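Enquirer: Got a sequence here, can you build the structure:
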Amino acid sequence: MGVFLGEDRVWECRKIVTDGVVHEGTHSSVGFYFLIASGKRLSHQARRVAAVVGLVVVLTAITASLSLRLAEQFGRLSVPPLYDDVEYFLAAARWLNAAPSHGFAANLYGLLHQHAPFSTLTAVIGFTLLPNSFLGPYAINAVTILVFLLGAARLLWRCSLVDIVTCLVGAACVPMLWQTMTEARPDLPWGLALGLAIGAVLYRPLLQRSRWSIFRLGVLCGLACAIKPSAFPASLACIGLAAGAQLACESLEAGIQTLRAAVTRAGLPALLFAAGLFAGAVPIVGIELVQTIRYILSVMIHDRDFWVIDESFRTSLMHYSIGFEGHLALNYWLWVGLALATARLCLAVLNDRRDVGRACTILAAGLIAYAIPTLSNVKTYILGAMFYGVFIVTMTLNFGAVVAGLDAVISRLMPRTPLQRWLRLGLHLVPLAAVLSLFLVTCLSGRVALSTALTPDQIQDIRMATARVWSLLQERSQGVEASAQPGKVPVISFSSPYPVTPTTIQLYAVQAGMPLDVRGELFNRTLDAAEQALLASDVAIVTSSMPHNLPGPRMGDELIGRMDANPGMCLVDSLPLLTVRVIRI
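Expert: As a prediction, this is how the structure comes out:
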């Protein structure tokens with residue numbers, strides 16, 4: 001009250017009350033000033049929220065529009081749908097076809113009964129918004145980026161508005177965010193959600209939260225794990241170890257010395273968090289749990305030889321940092337994040353020992369997120385999303401802590417001097433100017449590396465071959481062969497996933513209402529097994545041997561020779577292509 005009334009005004013109010021003059025009016029005057037104070041605070045918060053939301057919307061719109069434009073030029077939108085995106089497009093198309101004849105419960109179960117319900121749902125929404133285009137399932141990823149940036153802003157809310165803006169613009173410069181727009185699979189959104197989940201665990205002490213808050217946090221972390229069900233063991237391990245490190249750090253800071261005392265203090269919060277974690281993940285992951293486990297065993301054990309790359313230990317260790325995958329997703333931001341982590345730890349040791357534990361916990365969370373995909377025998381860019389998302393979030397948290405630490409050092413060393421004011425101002429504005437410049441350069445130059453980039457020859461081959469195969473199948477389905485055996489579903493087999501993606505043909509058939517049984521015979525280990533699989537089909541599409549980054553043995557030339565020599569097979573068409581010597585139908 002002293003701020004708004006002053007001592008004289010307060011004394012005057014008391015005097016008026018004592019004299020018995022308009023007692024009610026005096027209380028109205030005092031209450032009025034309280035309303036002004038609360039109104040000013042509310043107005044400040046409202047302006048702050050509006051500024052952050054407006055910035056996030058602008059960053060999302062720019063990132064989304066430029067990413068999709070690049071994808072149309074040389075990315076996934078420049079060709080018919082490819083792996084693995086087309087798998088979710090096919091699931092969405094089937095769900096949309098069946099939805100009108102089912103009730104709400106059956107449709108919900110059908111949506112959850114998917115390999116990755118999140119990606120099937122985004123594809124459903126995309127096809128609903130843009131029915132005659134494959135742009136929708138990619139454009140809907142803008143919501144993922146929007147939510148991620150808003151979540152990052154929430155974690156940084158205690159920082160100044162300038163520092164929040166710096167972190168958001170910096171995050172928007174990281175290539176992974178652009179690549180999220182051009183992939184319709186669950187991996188990159190899963191990585192971003194996992195980063196937010198671990199950030200939410202670390203940015204605020206767990207032992208100071210209410211029981212409901214801890215359980216609710218666990219549920220949100222469980223939902224983040226459920227975005228990619230096939231990686232739920234890795235997700236649970238990553239979040240569980242990060243939460244365990246946080247609880248251990250808090251117990252040490254609280255002066256708890258014995259293991260028994262630590263378990264007594266942190267046992268209930270840990271159980272509540274674990275209960276929330278399973279409550280959020282199990283309803284989504286549990287429905288397809290058996291199939292998910294089979295998929296994991298297939299990739300990691302049974303078909304391991306198709307996926308594992310023979311490489312040295314050092315190369316394997318560097319995949320997601322300075323290797324191809326890490327450079328593609330993070331580029332030079334890897335070094336920025338490592339510098340911020342080092343600076344925070346040094347500041348904590350030299351300036352504020354209370355922050356040492358928090359700095360070490362965040363560093364441990366990043367190392368855990370890096371170690372899990374690195375220890376996997378399968379190395380792919382998409383599996384590294386676990387590390388990329390966590391790295392972006394921890395980088396922003398470390399930036400806020402470093403700026404606050406340097407600000408405190410400047411204030412202590414140069415109290416109330418003009419130089420102090422300029423240094424503090426530069427501390428906040430120079431990083432903002434730097435990231436704004438980087439963002440503008442990225443936008444104006446268009447130098448963003450997409451995770452799926454195709455050459456002009458590849459684009460032409462994929463387009464032409466897919467169009468020719470689909471056109472031929474449409475003609476055959478309406479010709480004499482279709483009426484010879486009524487009710488028979490034609491079987492179409494592919495020996496290779498390139499240049500025509502088998503699931504793309506199946507997707508076209510589902511959208512056109514054409515009954516086709518499309519089979520990708522990609523994992524036959526012997527020439528005889530591959531030949532028998534192709535001979536069992538009505539139409540076989542065989543591609544000549546060629547190098548590509550998709551699984552399966554390279555037996556195309558031998559298979560073409562055997563198909564040509566088999567009197568039971570009739571050559572329908574032979575297409576010479578630019579990147580493939582020939583594709584036979």
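Enquirer: Work out for me the element the residue lying closest to residue 252 once chain neighbours are set aside sits within.
Expert: Nearest non-adjacent residue to residue 252, counting by Cβ to Cβ, 6 or more residues apart in numbering: residue 357, 6.6 Å away. C-beta: built from backbone N, CA, C; applies to glycine. Take DSSP states H and E as the rule and residue 357 turns out to sit in helix 356-375.
Enquirer: Relative to residue 402, how far out is residue 427?
Expert: Between residue 427 and residue 402 the computed distance is 10 Å (Cβ to Cβ, to the nearest Å).
Enquirer: and what of residue 350?
Expert: Residue 350 is 12 Å from residue 402, by Cβ to Cβ.
Enquirer: just residue 132 next, same as before
Expert: 50 Å.
Enquirer: So which of those two has more stuff around it?
Expert: residue 402 (24 against 8; other Cβ atoms under 10 Å).
Enquirer: In contact with residue 451, which residues?
Expert: With contacts defined as Cβ atoms under 8 Å, 6 or more residues apart in numbering, residue 451 is in contact with 179, 182-183, 328-329, 381-382.
Enquirer: Is it part of a helix or strand, or is it coil?
Expert: Under DSSP: H, G, I helix; E, B strand; the rest coil, residue 451 falls in the coil class.
Enquirer: so how far is residue 414 from it?
Expert: Using Cβ to Cβ, which is the criterion applied here, residue 451 is 47 Å from residue 414.
Enquirer: With residue 530 instead?
Expert: Where residue 414 is concerned, residue 530 sits at a distance of 75 Å (Cβ to Cβ).
Enquirer: mind checking pLDDT for residue 547?
Expert: Note on residue 547: pLDDT of 63.
Enquirer: where does the protein dip in pLDDT?
Expert: In the predicted model, the chain carries pLDDT under 70 at residues 1-42, 305-307, 478-487, 546-553.
Enquirer: ok, residue 569 touching residue 535?
Expert: Yes: the criterion here is Cβ atoms under 8 Å, and residue 569 meets it with residue 535 at 7.3 Å.
Enquirer: chain center to the helix holding residue 357: distance?
Expert: 19 Å (Cα atoms, centre = their mean, to the nearest Å).
Enquirer: Pull the contacting residues for residue 149.
Expert: Here residue 149 is in contact with 56, 59-60, 168, 171-172 (Cβ under 8 Å, 6+ apart).
Enquirer: Mind telling me which residue is nearest the centre of the chain?
Expert: When Cα atoms, centre = their mean is applied to the chain, the residue found nearest the centroid is residue 189 (1.9 Å).
Enquirer: what helix or strand is it on?
Expert: Counting by DSSP H and E, residue 189 is found in helix 187-202.
Enquirer: who does that helix touch, helix- and strand-wise?
Expert: helix 141-155, helix 175-181, helix 211-226, helix 232-253, helix 356-375, helix 385-413 (3 or more Cβ pairs under 8 Å, 6 or more residues apart in numbering; DSSP states H and E).
Enquirer: Apply 10 Å and report the result again.
Expert: helix 117-129, helix 141-155, helix 175-181, helix 211-226, helix 232-253, helix 259-285, helix 356-375, helix 385-413 (3 or more Cβ pairs under 10 Å, 6 or more residues apart in numbering; DSSP states H and E).
Enquirer: first to last residue in stretch 110-124, what's the distance?
Expert: 12 Å (Cα to Cα, to the nearest Å).
Enquirer: Buried residues of that stretch, list them for me.
Expert: By neighbour count on 16 or more other Cβ atoms under 10 Å, the buried set for stretch 110-124 is 110-112, 114-124.
Enquirer: Could you do stretch 376-385 as well?
Expert: Those would be 376, 379, 381-385, for stretch 376-385 by 16+ other Cβ under 10 Å.
Enquirer: got the CA positions of that stretch in PDB?
Expert: Taking C-alpha atoms only, stretch 376-385 is exported to PDB below (Å, rounded to 0.1, in the frame of the first residue of the first chain):
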ATOM      1  CA  SER A 376      21.900 -49.700 -29.600                       C
ATOM      2  CA  ASN A 377      23.200 -52.000 -32.300                       C
ATOM      3  CA  VAL A 378      21.000 -50.200 -34.900                       C
ATOM      4  CA  LYS A 379      22.100 -46.700 -35.800                       C
ATOM      5  CA  THR A 380      19.700 -44.400 -37.600                       C
ATOM      6  CA  TYR A 381      19.100 -40.700 -37.700                       C
ATOM      7  CA  ILE A 382      15.500 -41.100 -36.400                       C
ATOM      8  CA  LEU A 383      16.600 -43.100 -33.300                       C
ATOM      9  CA  GLY A 384      18.900 -40.200 -32.400                       C
ATOM     10  CA  ALA A 385      15.800 -37.900 -32.100                       C
END
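Enquirer: Now do that stretch: distance to the chain's middle.
Expert: 14 Å.
Enquirer: Can you tell me the closest non-neighbouring residue to the residue nearest to the centre of the chain?
Expert: Excluding the flanking residues, the one nearest residue 189 by Cβ to Cβ, 6+ apart is residue 144, at 4.6 Å.
Enquirer: now do residue 279
Expert: residue 219 (5.5 Å).
Enquirer: Distance of that neighbour relative to residue 272?
Expert: 10 Å.
Enquirer: quick one, which of the two is more surrounded?
Expert: residue 272 (21 against 17).
Enquirer: Make sure the more buried one is actually in contact with residue 247.
Expert: No: at 11.5 Å, residue 272 does not count as touching residue 247 under the criterion of Cβ atoms under 10 Å.
Enquirer: circling back to that earlier point, quick check: the gap between the residue nearest to residue 279 and residue 240.
Expert: Residue 219 is 15 Å from residue 240, by Cβ to Cβ.
Enquirer: before we move on, what about residue 421?
Expert: Look at residue 421 and residue 240: by Cβ to Cβ, they are 46 Å apart.
Enquirer: between the two, which one's more packed in?
Expert: residue 240 (17 against 12).
Enquirer: For the host helix or strand of residue 435, name the packing helices and strands.
Expert: Using DSSP H and E, the element containing residue 435 is helix 418-445. Applying 3+ Cβ pairs under 10 Å, 6+ apart, one finds that helix 418-445 contacts helix 23-74, helix 161-173, helix 333-350, helix 385-413.
Enquirer: Between those, which one is closest to residue 202.
Expert: Taking Cβ to Cβ, helix 385-413 is the member of those nearest to residue 202, at 7.1 Å.
Enquirer: Report the buried residues of the closest one.
Expert: 385-407, 409-410.
Enquirer: Centre of the chain to that helix, how far?
Expert: On Cα atoms, centre = their mean, the centre of helix 385-413 falls 22 Å from that of its chain.
Enquirer: Could I have the CA atoms of stretch 397-406 written out in PDB?
Expert: What follows is stretch 397-406 as a C-alpha-only set of coordinates in PDB (Å, rounded to 0.1, in the frame of the first residue of the first chain):
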ATOM      1  CA  LEU A 397      17.900 -24.200 -19.800                       C
ATOM      2  CA  ASN A 398      21.700 -23.800 -19.500                       C
ATOM      3  CA  PHE A 399      21.500 -20.500 -21.400                       C
ATOM      4  CA  GLY A 400      19.100 -19.100 -18.900                       C
ATOM      5  CA  ALA A 401      21.300 -20.200 -16.000                       C
ATOM      6  CA  VAL A 402      24.500 -18.900 -17.600                       C
ATOM      7  CA  VAL A 403      23.000 -15.400 -18.300                       C
ATOM      8  CA  ALA A 404      21.600 -15.200 -14.800                       C
ATOM      9  CA  GLY A 405      24.900 -16.300 -13.300                       C
ATOM     10  CA  LEU A 406      26.900 -13.700 -15.400                       C
END
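Enquirer: check contacts around residue 492.
Expert: Applying Cβ atoms under 10 Å, 6 or more residues apart in numbering, one finds that residue 492 lies in contact with 469, 473, 476, 502, 505-506, 509, 516-520, 537-541, 585.
Enquirer: can you confirm it is in a strand?
Expert: Yes: counting by three-state DSSP, residue 492 is located in a strand.
Enquirer: ok, it to residue 442 distance?
Expert: For residue 492, the distance to residue 442 equals 43 Å [Cβ to Cβ].
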